[in-house]
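*Asks:* Below is the sequence, then the predicted model.
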Amino acid sequence: MKSGILIIATLLLAECQMLNAQHKSDTIVVQLAKTSKVVLTVGDREDLETLKHYNFQELFQDVIRKLEANDTTALASGTKTDTASVADVSPTTRKEEDWNNADRGDGNKNNDWTSSNNDWTEHVRHSHWGRTWQSFNFDLGTNNYISKGKFPNSSDQLYSVRPWGSWYVGLASIQRTRVGRKFFLEWGGGINWYNFKFEKDNILIQKNDDGISFIEDTRDVHYVKSKLTASYITASLIPVIDFSDKSRKARIWDGYGNAFRIGLGPYVGYRISSHSKLVYKDGDREKQKDHDSFYLNNVRYGLRLQLGFRSTDFFFNYDLNNMFTTKKGPDLNAFSFGVVF
């Protein structure tokens, strides 16, 4: 991204220089890194109009991909250094009026122009260091738990959960590191929340030395909802196969992307807060909150499955350990699933 900006800046500088000079050609050298540089030779002032419409971002991405893959077909003949031939990387040279008339074959125009703009604006949301892209994931879905392979409502347990209203929310900073051409590691950490909304709206959680028990509140009031909430700091490491062969995956707001991706890996979390909440109406709306551990395990760990196609990603988390401390609560394994934004 920075390389493209530098080249555009040098092009503007070159145009100013050529207005004040009558040389037939100008050579501009841009130092990009310690041992890397770009040499641009402009032989005709009229070329500047064409160069203004180059997609330099795509040009540099193609060059870097070829160098990373050691693609010798893209190397300039007769050289010993890894110098990619500009003729081989097929940069975009269409003018703006051509973009306006571009058709991707499905009746929708301007796809390439939109994709180019998205490439240029992606640096606002992502940071890039070498082979690693950093981004922020927002998980939104639902959660539940199972006991010995069955849902608690199959035996009419008081801790049975409503799928609608039992929201799972997660925020995470994720680094995506390229390991191979189509193989990546997505690693990072964040915070997430389990919200278990009970089937019955009058459920209370009682705690004593022997453990916890779920009981029904019998007061003569109108019950609205009852739930248990727990939040965790979580870290994950997900190996991903991405057939798009791109350093970053398309996001749901990008509106583009063209390949399937799948990942499966472990996560571990540490509980930082938990509470129960009972909401009812007795004239006014009342909330009864109880902040307690409820013998929830401080550590949760499990496996995360990620599936993506084009610009949409789904997740499925399954806790391998019990939700509650052994013999202090029901034998439950929590899980969640939803969409990644």
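*Replies:* That came through, no problem. Residues are numbered from 1 along each chain as shown.
*Asks:* so what's the closest residue to His222 other than its chain neighbours bridging to?
*Replies:* Excluding the flanking residues, the one nearest His222 by Cβ to Cβ, 6 or more residues apart in numbering is Lys281, at 4.3 Å. Quick note: C-beta positions are derived from backbone N, CA and C, even for glycine. Taking DSSP bridges as the rule, Lys281 bridges to His222, Arg285.
*Asks:* Now for Lys281: which residues touch it?
*Replies:* Contacts of Lys281 were listed using Cβ atoms under 8 Å, 6 or more residues apart in numbering, and they are Val221, His222, Val224.
*Asks:* Next: Arg261.
*Replies:* So Arg261 contacts Val240, Ile241, Asp242, Phe243, Ser244, Lys249, Gln306, Leu307, Gly308, Phe309, Asp313 (Cβ under 8 Å, 6+ apart).
*Asks:* ok, now Gln157?
*Replies:* Residues near Gln157 by Cβ under 8 Å, 6+ apart: Ser147, Phe214, Pro330.
*Asks:* change it to 6 Å
*Replies:* Listed by Cβ atoms under 6 Å, 6 or more residues apart in numbering, Gln157 has no contact partners.
*Asks:* At which residues are the strands of this protein located?
*Replies:* Ranges of strands in the chain, per DSSP state E, are 26-31, 37-42, 127-129, 132-146, 167-178, 183-197, 203-208, 211-216, 222-242, 260-282, 284-291, 299-309, 312-319, 333-340.
*Asks:* any chance of the ones you listed in TSV, plus mean pLDDT?
*Replies:* As requested, the strands of the chain are arranged in TSV below (pLDDT from 0 to 100):
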stretch	mean pLDDT
strand 26-31	70
strand 37-42	74
strand 127-129	49
strand 132-146	95
strand 167-178	96
strand 183-197	97
strand 203-208	97
strand 211-216	97
strand 222-242	97
strand 260-282	97
strand 284-291	96
strand 299-309	96
strand 312-319	96
strand 333-340	98
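*Asks:* neighbours of Phe196, just the number please.
*Replies:* When neighbours are counted by other Cβ atoms under 10 Å, Phe196 registers 24.
*Asks:* you'd agree it is up against Ser166?
*Replies:* Yes. Under the criterion of Cβ atoms under 6 Å, Phe196 makes contact with Ser166 at 5.4 Å.
*Asks:* how many neighbours does Glu68 have?
*Replies:* That count, for Glu68 with other Cβ under 10 Å as the rule, works out to 12.
*Asks:* Any figure for the gap between it and Leu59?
*Replies:* 15 Å (Cβ to Cβ, to the nearest Å).
*Asks:* again, but for Ser166
*Replies:* Taking Cβ to Cβ as the measure, Ser166 and Leu59 are separated by 49 Å.
*Asks:* before we move on, the earlier item: which of the contacts of Lys281 are buried?
*Replies:* Taking 16 or more other Cβ atoms under 10 Å as the criterion, nothing in the contacts of Lys281 is buried.
*Asks:* possible to save those residues as a markdown table with distance to Ser154?
*Replies:* As requested, the contacts of Lys281 are exported to a markdown table (distance: Cβ to Cβ, whole Å):
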| residue | distance to Ser154 |
| --- | --- |
| Val221 | 29 |
| His222 | 28 |
| Val224 | 26 |
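*Asks:* so where's the stretch 51-200 of the chain uncertain?
*Replies:* The model of the stretch 51-200 of the chain has pLDDT under 70 over residues 52-55, 70-130.
*Asks:* swap the cut-off to 50 and go again
*Replies:* The model of the stretch 51-200 of the chain has pLDDT under 50 over residues 74-128.
*Asks:* how about the helices of it, start to end?
*Replies:* Listed in chain order, the helices of the stretch 51-200 of the chain (DSSP state H, counting those that start in this stretch) span 56-68, 96-100, 111-121.
*Asks:* how far away is the residue lying closest to Arg271 once chain neighbours are set aside from Ser276?
*Replies:* Residue nearest to Arg271 in three dimensions, not counting chain neighbours: Asn298, with 5.0 Å by Cβ to Cβ, 6+ apart. As defined by Cβ to Cβ, Asn298 lies at a distance of 17 Å from Ser276.
*Asks:* Give me the more crowded residue out of the two.
*Replies:* Comparing Asn298 with Ser276 by other Cβ under 10 Å, the one with more neighbours is Ser276, at 23 against 12.
*Asks:* can I assume the more buried one is in contact with Ile205?
*Replies:* Yes. In this structure, Ser276 is within contact of Ile205 by Cβ under 6 Å, at 4.8 Å.
*Asks:* Hmm, Glu199 is touching Leu158, no?
*Replies:* No. The pair Glu199 / Leu158 is not scored as a contact, 8.2 Å apart, by Cβ under 6 Å.
*Asks:* count of neighbours near Val29?
*Replies:* For Val29, the neighbour count with other Cβ under 10 Å is 10.
*Asks:* How about Asp201?
*Replies:* For Asp201, the tally of surrounding residues (other Cβ under 10 Å) stands at 18.
*Asks:* Cheers, nothing more for now.
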